[in-house]
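Novice: my questions are about this predicted structure, shown below with the sequence.
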Amino acid sequence: MKPDTMLVTVPAHFDGESIKLDVGIDLKPGVRLLVTILDDEGSHQSLVWSAMKMSEAAFARVWDNEEDSVYD
């Protein structure tokens, strides 16, 4: 992995035939993925969604700022 590579976690589900991402994200063909299987009870799922929601504001402050706009 390159040092500038960022790991991204997205929610997904298995529809009985294939894994489907629950959010839109652009992936290149052949991209490598890690898959974590959560329990059927859904207790982890609500924790994951809550953590993602709580981190939105922090990520927006970090990445959506005037100093970094030169890289856009």
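Specialist: Structure received. Only a predicted model underlies this, so the values are computations on that prediction, with no experimental measurement involved.
Novice: for the rest of this, base every contact and every neighbour count on C-alpha atoms.
Specialist: Noted.
Novice: neighbours of residue 11, how many?
Specialist: A count of nearby residues for residue 11, using other CA atoms under 10 Å, gives 13.
Novice: could you do residue 12 as well?
Specialist: 15.
Novice: please apply the same query to the one 5 residues further on.
Specialist: Here the neighbour count serves as a burial measure; for residue 17 (other CA under 10 Å) it reads 6.
Novice: host element of it?
Specialist: Secondary structure from DSSP states H and E places residue 17 outside every helix and strand.
Novice: tell me how far it lies from residue 46.
Specialist: 24 Å (CA to CA, to the nearest Å).
Novice: swap in residue 24?
Specialist: Distance of residue 24 to residue 46, given as CA to CA: 19 Å.
Novice: swap in residue 70?
Specialist: The value you get for residue 70 to residue 46, if CA to CA is used, is 36 Å.
Novice: out of those two, which sits in the busier spot?
Specialist: Here residue 70 and residue 46 are compared on neighbour count by other CA under 10 Å; more neighbours surround residue 46, at 10 against 7.
Novice: now the helices: where do they sit in the chain?
Specialist: 43-63 (DSSP state H).
Novice: show me the shaky parts of it.
Specialist: Per-residue confidence of the chain (counting by pLDDT under 70) places the weak regions at 1-6, 39-43, 64-65, 68-69, 71-72.
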